[in-house]
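Trainee: Sharing a model prediction with you, sequence too.
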2 protein chains.
Amino acid sequence: MMNLTPTLQDCELLDQQDPLRSLRSQFDLPPGVIYLDGNSLGVLPKATPARVAQAVTQEWGTDLIKSWNSAGWFTLPQRVGDKIARVIGAQAGEVVAADSTSINLYKVLSAALHIAAADQPHKKTIVSERSNFPTDLYIAEALCKERGYTLKLVEAEDIATALQGDVAVLMLTHVNYRTGAMHDMQAVTAQAHAQGALTVWDLAHSAGAVPVDLHAAQADFAVGCGYKYLNGGPGAPAFVWVNPRHTERFWQPLAGWWGHATPFEFTPDYRPAPGITRYQCGTQPILSLTALDCGLDTLLAADRLGGMAALRQKSLALTGLFMQLVRTRLHGQGFGIATPALESQRGSQVSLTRAEGAYTIVQALIARGVIGDFRAGDGGQHPDILRFGFTPLYIGYADVWNAAEQLCQVMASGEWQDARFAQKHAVT
Amino acid sequence: MMNLTPTLQDCELLDQQDPLRSLRSQFDLPPGVIYLDGNSLGVLPKATPARVAQAVTQEWGTDLIKSWNSAGWFTLPQRVGDKIARVIGAQAGEVVAADSTSINLYKVLSAALHIAAADQPHKKTIVSERSNFPTDLYIAEALCKERGYTLKLVEAEDIATALQGDVAVLMLTHVNYRTGAMHDMQAVTAQAHAQGALTVWDLAHSAGAVPVDLHAAQADFAVGCGYKYLNGGPGAPAFVWVNPRHTERFWQPLAGWWGHATPFEFTPDYRPAPGITRYQCGTQPILSLTALDCGLDTLLAADRLGGMAALRQKSLALTGLFMQLVRTRLHGQGFGIATPALESQRGSQVSLTRAEGAYTIVQALIARGVIGDFRAGDGGQHPDILRFGFTPLYIGYADVWNAAEQLCQVMASGEWQDARFAQKHAVT
């Protein structure tokens, strides 16, 4: 069936047969919307409003400071971290949910540089990918300036070659935010280790989106985002994992009281807590962290249906279907596909390129209720991107067909050239 | 009247005559509770639950990523910062609300060290107070190790002498978290500047509690907390201010995309935004930040009634009344008063000392609905503390009288020696 262009009826049948279909009922999806931006901001779980209201009204309003103990606020970063551990191949006690991805990256990159400096002081380079999410590059740039390192940016295909230099740390995002291309974490980590480099992985676009097994990959450090595939809500706290072989070799420079061995003894000197707790700094935003806790429950609900492996199978079917529909139904409309066709190299999104109009086409789609987003290119090797995320927890096959149909109509009608879609917003 | 021991009737009369009395109706105070811990966690404003629910259900649930523009999520750190500016003597555009106090301290202390290194490279010492809030000392300790500085800790009375050395930065908390003693920010800053040192002020226990005028003091850097006197809720984001004469001399090492001049151009190289925006790093926890926005409104509502000056007058009356009641009604019960009697040296809390039983007395009071907290001493110069915060927005004179009455009963009954009050909680 899938060799011909699938019809809406084909897709509706696939939805009926989808063993994960029941997971969608966990979410409040706005009516009339096909939301293909879960890779930017996950949707609202049905359980979240009541749980956040309870945290506001009961835990804060009534119980006040008692809630640090009675509601477990103080251990919430660890408890949420334990849930995250289950979807990234880490053990309980190895992850904390705290701060932002950028800040956690600063922590682990600082620690990685300290460990590298102790073990191989002559190595003075951090390698990353030129099209890595920019904030990761900014954080690395700042640390390189402070510590006398060089940040070397290469294209994905040149990473193996670049590792042959004096590389202390290889810092990569597992799934590329622009193209959805995915690194083979195990193979790349092995390459890095063979050259004596430590690995820092940003899982922003892979935690909850694709199976991740940090221990199997023997990765060194990882950080990730709470508000994308983990459905934690706008700006939800991020997370940090450190391989136990490194955790206690160093603390990290954001050495605040929540990372102290005995924070309530209020001693004037810093003594890092055992384990991953030392990667905490200050008090966490409990309301946002509570919402993240609910978001993770929607993901862990898939465990009884096959977990991340089953979600991955559906995710690949959804992204594959969309690519097939673009190739067949939008042939000749000027679109390229930036996302790898090979399943092993693909995350949970599909990125289209187009020489012109990418921004206004996305706006025209949004006006029709199909929400994707636009990412600007650099005018050179990296073109403008129309980005569509497919979250298997709440996106179905008919959604994919309807999204492609709307894109066909936007192109056929020429409405994407309408001036009203050209106005840029502050956040694109 | 106030030279004799005030009676409950005296206090009820003071409440009736209190021009700020109406402000209390902005809060949902739990029944049967006298909450003297607003210096740890401010109480829930009545407006907050509905506003947070709107952010969850409408902004996130329905409008999804559109809310970065339509609900102004992206500029929320600046808009909340502008409200904070009004209570700390800063101008609009000079403050952002983001991250935690510890993290913001790392940013400004890093920047201060860079500026000091450029202007006076021979100065290699940071001076702080031994009884400063420990997390501030830990952050300074970590930076000193990284940058080759020495952290010198002195008692409050020795600061002027300590400044005569090679001091690059004087880092102080304006109101001491243990004793409630307040520095004269203007005088101390002038002393530091006269010796060529920059000043970093932590306003955790003064923003919203006492009048602060950063510009009048010609302070250099300041950070502070959102969840104490600003009523932002558990773990609410903190804030950061930099004197405009320094802001653009340096960026800060947590150089994430929210501090970039053009974050949505996704350029691989970091270019700091103009002004205080460069002190942002990554995406902020919007739900917690929304609650902080509501908390600030409760404070700014005092503007029509005399603002911080009127709040300060009432705060001094409340703390003065409590000290008077302790001196008269608890005479001979072994309590000392660690908080300065002199109004110009006092924040908005009263700290009692006692050679033994401080922890269990606090627990016995909590069991009676009078919520203060305990801070452990060091077994030497700094004794155990029973800490009582008086937030003039929602605490009245009769509350103070009743709290003292309960303390009298706890001591008279001997119940504070009951074993059930001796059990320590994880968070004290």
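Mentor: Okay, I see it. None of these values were measured; they are calculated from a predicted model. Numbers count the residues shown, from 1 in each chain, chains lettered A, B, ... in the order given.

Trainee: tell me the contacts of A:G61?
Mentor: By Cβ atoms under 8 Å, 6 or more residues apart in numbering or on different chains, the contact list for A:G61 reads B:D28, B:P30, B:V43, B:L44, B:P49. The way it works is simple: take the backbone N, C-alpha and C, and place the C-beta from them, glycine included.

Trainee: Can you check the pLDDT for it?
Mentor: At A:G61 the predicted local distance difference test score is 98.

Trainee: can you confirm it is in a helix?
Mentor: Yes: applying DSSP: H, G, I helix; E, B strand; the rest coil, one finds A:G61 inside a helix.

Trainee: Please report how far the nearest residue to A:I395 once chain neighbours are set aside lies from chain B.
Mentor: Closest residue in space to A:I395, ignoring its immediate chain neighbours: A:L318 at 6.0 Å, by Cβ to Cβ, 6 or more residues apart in numbering or on different chains. In this view, A:L318 and chain B are 19 Å apart by Cβ to the nearest Cβ, to the nearest Å.

Trainee: repeat for A:L163
Mentor: For A:L163, the distance to chain B - Cβ to the nearest Cβ - is 20 Å.

Trainee: Which stretches in chain A count as strands?
Mentor: A:34-35, A:95-97, A:125-129, A:150-154, A:167-173, A:198-202, A:221-224, A:239-242, A:335-337, A:349-354, A:370-371, A:373-375, A:385-389 (DSSP state E).

Trainee: ok, now how distant is the closest residue to A:G224 other than its chain neighbours from B:L198?
Mentor: Counting by Cβ to Cβ, 6+ apart, the nearest residue to A:G224 once its immediate chain neighbours are dropped is A:L203, at 3.5 Å. To B:L198, A:L203 is 39 Å away according to Cβ to Cβ, to the nearest Å.

Trainee: how close does A:G32 sit to chain B?
Mentor: For A:G32, the distance to chain B - Cβ to the nearest Cβ - is 11 Å.

Trainee: that older thread, can I get the strands of chain A in JSON lines including distance to B:H174, mean pLDDT and mean neighbour count?
Mentor: Below are these laid out as JSON lines (distance: least, Cβ to Cβ, whole Å; pLDDT from 0 to 100; neighbours: other Cβ atoms under 10 Å in any protein chain shown):
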{"stretch": "strand A:34-35", "distance to B:H174": "47", "mean pLDDT": "98", "mean neighbour count": "23"}
{"stretch": "strand A:95-97", "distance to B:H174": "30", "mean pLDDT": "98", "mean neighbour count": "29"}
{"stretch": "strand A:125-129", "distance to B:H174": "39", "mean pLDDT": "98", "mean neighbour count": "24"}
{"stretch": "strand A:150-154", "distance to B:H174": "39", "mean pLDDT": "97", "mean neighbour count": "16"}
{"stretch": "strand A:167-173", "distance to B:H174": "39", "mean pLDDT": "98", "mean neighbour count": "25"}
{"stretch": "strand A:198-202", "distance to B:H174": "38", "mean pLDDT": "98", "mean neighbour count": "27"}
{"stretch": "strand A:221-224", "distance to B:H174": "34", "mean pLDDT": "98", "mean neighbour count": "29"}
{"stretch": "strand A:239-242", "distance to B:H174": "32", "mean pLDDT": "98", "mean neighbour count": "30"}
{"stretch": "strand A:335-337", "distance to B:H174": "57", "mean pLDDT": "97", "mean neighbour count": "15"}
{"stretch": "strand A:349-354", "distance to B:H174": "48", "mean pLDDT": "98", "mean neighbour count": "24"}
{"stretch": "strand A:370-371", "distance to B:H174": "46", "mean pLDDT": "98", "mean neighbour count": "23"}
{"stretch": "strand A:373-375", "distance to B:H174": "43", "mean pLDDT": "94", "mean neighbour count": "21"}
{"stretch": "strand A:385-389", "distance to B:H174": "46", "mean pLDDT": "97", "mean neighbour count": "26"}
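
Trainee: Tell me which of those strands lies nearest to B:C11.
Mentor: Within those, the stretch nearest B:C11 is strand A:95-97; the backing value is 45.2 Å (Cβ to Cβ).

Trainee: packing partners for that closest one?
Mentor: helix A:76-87, strand A:239-242 (3 or more Cβ pairs under 8 Å, 6 or more residues apart in numbering or on different chains; DSSP states H and E).

Trainee: Among those, show me which one is buried the most.
Mentor: strand A:239-242 (a mean of 30; mean count of other Cβ atoms under 10 Å in any protein chain shown).

Trainee: Pick out the residue of the stretch 101-250 of chain A closest to chain B.
Mentor: Per Cβ to the nearest Cβ, A:S102 is where the stretch 101-250 of chain A lies closest to chain B, at 3.3 Å.

Trainee: how near is A:L64 to chain B?
Mentor: In terms of Cβ to the nearest Cβ, A:L64 sits 6 Å off from chain B.

Trainee: Close to chain B: what parts of the stretch 101-250 of chain A are there?
Mentor: By Cβ under 8 Å from any Cβ of the partner chain, the residues of the stretch 101-250 of chain A that approach chain B are A:101-103, A:106, A:130, A:132-135, A:137-139, A:141-143, A:146, A:153, A:227, A:233-238.

Trainee: of those residues, buried ones?
Mentor: For these, a neighbour count by 16 or more other Cβ atoms under 10 Å in any protein chain shown gives the buried set as A:101-103, A:106, A:132-135, A:137-139, A:141-143, A:146, A:153, A:227, A:233-238.

Trainee: list the contacts for the residue nearest to A:I395?
Mentor: A:S348, A:F390, A:P392, A:I395, A:Y397, A:V400.

Trainee: Contact partners for A:Y106?
Mentor: A:I139, A:A142, A:L143, A:P253, A:L254, B:P253, B:L254.

Trainee: Tell me who's in contact with the residue nearest the centre of chain A.
Mentor: Nearest to the geometric centre of chain A sits A:A204, at 2.1 Å (Cα atoms, centre = their mean). Shown in contact with A:A204 (Cβ under 8 Å, 6+ apart): A:T101, A:F133, A:T173, A:V175, A:Y177, A:V223, A:G224, A:C225, A:K228.

Trainee: ok, A:L113 - contacts?
Mentor: Applying Cβ under 8 Å, 6+ apart, we find A:L113 in contact with A:I126, A:L143, A:R147, A:Y149, A:A168, A:V169.

Trainee: Could you report the neighbour count for the residue nearest to A:G224?
Mentor: 29 (other Cβ atoms under 10 Å in any protein chain shown).

Trainee: buried set for the longest helix along chain A?
Mentor: As assigned by DSSP state H, the longest helix anywhere in chain A is helix A:307-329. Buried residues in helix A:307-329, counted by 16+ other Cβ under 10 Å: A:307-308, A:310-312, A:314-326, A:329.

Trainee: again with stretch A:203-213
Mentor: Buried residues in stretch A:203-213 (16+ other Cβ under 10 Å): A:L203, A:A204, A:H205, A:S206, A:A207, A:G208, A:A209, A:V210, A:V212.

Trainee: separation between the last one and A:G61?
Mentor: I take that to be A:V212. 38 Å.

Trainee: cool, and A:I286?
Mentor: Separation of A:I286 from A:G61 (Cβ to Cβ) stands at 13 Å.

Trainee: what does A:L311 give?
Mentor: Taking Cβ to Cβ, one finds A:L311 at 37 Å from A:G61.

Trainee: What of A:L203?
Mentor: Taking Cβ to Cβ, one finds A:L203 at 35 Å from A:G61.

Trainee: A:G380 now?
Mentor: Distance from A:G380 to A:G61, by Cβ to Cβ: 54 Å.

Trainee: next one: A:K83
Mentor: Taking Cβ to Cβ, one finds A:K83 at 26 Å from A:G61.

Trainee: same deal with A:E141?
Mentor: Distance from A:E141 to A:G61, by Cβ to Cβ: 44 Å.

Trainee: now A:G165
Mentor: Counting by Cβ to Cβ - A:G165 and A:G61 are separated by 57 Å.

Trainee: same check, this time on A:A273
Mentor: Counting by Cβ to Cβ - A:A273 and A:G61 are separated by 30 Å.

Trainee: try A:V242
Mentor: Counting by Cβ to Cβ, the gap from A:V242 to A:G61 is 36 Å.
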